[in-house]
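K.L.:
here you go, sequence then predicted model.
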Amino acid sequence: KDWEFEVGDYVWLKRLPLKQKSLMGQPYSKLLPRYYGPYPVIQKVGKAAYRLGLPRTALMHPVFHVTRVKPNQGDVPTLIEQVPDNLPTPYRILKH
C-alpha cells in the first residue's frame, strides 16, 4: 500500500537488502531490524517521494520513494537533550 504523509509526520525507513552501515553502524545481518527510525518527514518531493530528517551521520541521500517508508504507530518520539562533554568536574564533595 502506498501511504500519504504530511510534513511533520514520523515514518520508519525500510532497510535495503544489502550491506548498509550508515544508519546502524553495523554490517548487514538478517538479525538487524527491518526498519530504521522513526524519522520526521521534512518535505514531499514530487508525487511519491519524501525527504526525511536523517541524522547527520547517515551517509545516504535523504529522499525516499513512498514504498520504502511506513507510518509511525503510537507516540511521536521526543528529543532528549544530551549533556555536554566539557562540563567542569568537581574536585571533591564537601558534604554528603
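P.N.:
Cool, got the structure. Note that this is a predicted model, so its numbers are computed, not measured.
K.L.:
do a quick rundown of the strands in this protein.
P.N.:
Using DSSP state E, the strands of the chain run over residues 10-14, 35-45, 49-52, 63-65, 69-71.
K.L.:
of all the ones you listed, which one comes closest to R92?
P.N.:
strand 35-45 (44.0 Å; C-beta to C-beta). (Glycine included, C-beta is placed from N, CA and C.)
K.L.:
output stretch 65-72 as CSV, restricted to C-alpha atoms.
P.N.:
The C-alpha coordinates for stretch 65-72 follow below in CSV (Å, rounded to 0.1, in the frame of the first residue of the first chain):
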residue,chain,number,x,y,z
HIS,A,65,10.1,6.6,-2.5
VAL,A,66,6.9,6.0,-0.6
THR,A,67,7.4,2.2,-0.9
ARG,A,68,10.5,2.5,1.3
VAL,A,69,8.7,4.1,4.3
LYS,A,70,5.8,3.2,6.6
PRO,A,71,3.9,5.4,9.1
ASN,A,72,4.9,5.5,12.7
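K.L.:
so for it, what gets flagged as buried?
P.N.:
Residues of stretch 65-72 classed as buried by neighbour count (16 or more other C-beta atoms under 10 Å): V66, R68, V69, K70, N72.
K.L.:
ok, so of those, who is nearest D2?
P.N.:
For the buried residues of stretch 65-72, the minimum distance to D2 (C-beta to C-beta) is 5.0 Å, reached by V66.
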